[in-house]
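Participant: What would the 3D arrangement of this be:
(4 chains)
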Protein chains: 2
Amino acid sequence: MERKEVQTRRMKGYFIQAAKEILRGEGFRSISVRNIADRAGYSYATLYNYFKDLQALIFDCVSDFQDECTLFVSGKVQKTQQGVPRIKAIVRAYMQYFVQYPGIFELFFIEKLSDSGSRQSLMELIATHLDQLCSDAWDFCVQENRFSREDVGILRIQIRNMVTGQLLFYIHRRTPESYQECVEVMEKQINYLLDN
Amino acid sequence: MERKEVQTRRMKGYFIQAAKEILRGEGFRSISVRNIADRAGYSYATLYNYFKDLQALIFDCVSDFQDECTLFVSGKVQKTQQGVPRIKAIVRAYMQYFVQYPGIFELFFIEKLSDSGSRQSLMELIATHLDQLCSDAWDFCVQENRFSREDVGILRIQIRNMVTGQLLFYIHRRTPESYQECVEVMEKQINYLLDN
DNA sequence: ATAATATATTAACAGTGTTAATATTTCAAA
DNA sequence: TTTGAAATATTAACACTGTTAATATATTAT
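Facilitator: Residues are numbered from 1 along each chain as shown, chains lettered A, B, ... in the order given. You can find the predicted model right below:
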């Protein structure tokens, strides 16, 4: 009974791995049951022995990518000093991650991952992810009297919206045209908000 | 030769009308060539006699909706005094329009309307639409020395990102859960930006 | 080795956009 | 008004999509 467990988990892993490769590479539009199964080395119907449907598989991918994103940002930011500089660094790294993998941005913010059991909670995790990453830095700011608790409450959402909006227009609509421009605009925005 | 013109335009109109109804009602996910043609009272292949492909038809819908949105906002705002109050009213009306028709929001900001001739320019029109609506009000603010030209340049993008991000999370991810909450958050954000 | 169970695969269905071949309608000339 | 040509509409088909039921193949226990 325990070997079953590990075997099943391994099989799921093959499909998840395949799906993640496609999402990272070609993006969400190239995802299909047959495509994933091919890459995993199985028939398309086999996937349904391990996942309720395609959505369930994709949800597992989302969780994985979220952890991956957290690691990426944490690694890039640890040396930066706490407070405002840390927040700026987190936002930069966060954007960098999604620009590097546009398919993951689409997966997180664009695709209508339709209703399922744990859908709502996972969607909430995505919506508050950047916020969570900045949590300590915000606390630091409050303790240092850099911002009031009230202002922080507003600024958190403001930055979340600003970053998501900026990424939406750049990744999805090529506005602005270059990544450099995109970052420059973002820096201006965040400086306007945080430097006072 | 002129009757051909008017006939063709009329036929296109039938399909556009049908597509717009579906987009307004069921949203983008319910759009299909057969669905549109059914509603227009023709076979699915007939559509291809008047549009290069489905994308072309949808692009025409986008243009229509954009004009419609402009009219909606203008109508709701004309009595509001110029400057900051006008900007706030415009943003409120703009959000209201898309909340009323979530399918149109998806069409404008979510769907990957893939490459075509006039794609880029149309996408740019969408990205700058809210900006255009606020244009006069911003000029008024500068003339009254309420904001510097520099700050206005930043604030315009900030508001565009804030509104789009807020709508993305609300319409697409149900965050926050109620429209009232959504508006309240938005008001806080915009007040923070514009009241000084 | 055989019977029972678990797993993998193929076939099929209803849906999608799109095109080519056909059917129908429109309309000008005889 | 009838005939022939051009324009327009429709059906059939293709390659996709997700998903399920029926079938084939492995694995395991007796």
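Participant: What's the first helix or strand after the helix or strand of chain A with the lowest mean pLDDT?
Facilitator: Ranking every helix and strand in chain A by mean pLDDT, DSSP states H and E puts helix A:119-127 at the bottom, with a mean of 85. Downstream of helix A:119-127, the next assigned helix or strand under DSSP states H and E is helix A:129-143.
Participant: list the buried ones in that following helix?
Facilitator: By 16 or more other C-beta atoms under 10 Å in any protein chain shown, the buried positions in helix A:129-143 come out as A:129-130, A:133-134, A:137-138, A:140-141. C-beta coordinates here come from the backbone N, C-alpha and C atoms, glycine included.
Participant: quick revisit: is the least confident helix or strand of chain A in proximity to DNA strand D?
Facilitator: No. With C-beta under 7 Å from any atom of the strand as the measure, helix A:119-127 is seen stopping short of DNA strand D, the closest distance being 13.6 Å.
Participant: As a markdown table, the buried residues of helix A:129-143 with distance to residue B:22 would be great.
Facilitator: Listed next are those as a markdown table, based on distance: C-beta to C-beta, whole Å:
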| residue | distance to residue B:22 |
| --- | --- |
| A:129 | 34 |
| A:130 | 35 |
| A:133 | 40 |
| A:134 | 41 |
| A:137 | 46 |
| A:138 | 44 |
| A:140 | 50 |
| A:141 | 48 |
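Participant: Show me which of the residues you listed is closest to DNA strand D.
Facilitator: DNA strand D has its nearest neighbour among those in residue A:129, at 25.6 Å by C-beta to the nearest atom of the strand.
Participant: Just give the nearest non-adjacent residue to that closest one, would you?
Facilitator: Spatially, and ignoring its direct neighbours in sequence, residue A:129 is nearest to residue A:66 (6.4 Å; C-beta to C-beta, 6 or more residues apart in numbering or on different chains).
Participant: So what does that neighbour look like in phi/psi?
Facilitator: phi -60, psi -50 (degrees, to the nearest 10).
Participant: Domain map for chain A?
Facilitator: Domain segmentation of chain A under automatic domain parsing yields A:1-51, A:59-194.
Participant: which residue is nearest the middle of chain A?
Facilitator: A centroid search over chain A (C-alpha atoms, centre = their mean) returns residue A:66, at 5.0 Å, as the residue closest to the centre.
Participant: Would you mind measuring from that one to DNA strand D?
Facilitator: For residue A:66, the distance to DNA strand D equals 22 Å [C-beta to the nearest atom of the strand, to the nearest Å].
Participant: mind checking how far that residue is from DNA strand C?
Facilitator: Distance, residue A:66 to DNA strand C, using C-beta to the nearest atom of the strand: 27 Å.
Participant: What about the residue nearest to residue A:192 when sequence neighbours are not counted, how many residues nearby?
Facilitator: Sequence neighbours aside, residue B:154 is the residue nearest to residue A:192 in space, at 5.0 Å (criterion: C-beta to C-beta, 6+ apart). Residue B:154 has 18 neighbouring residues, counting by other C-beta atoms under 10 Å in any protein chain shown.
Participant: Much appreciated, bye for now.
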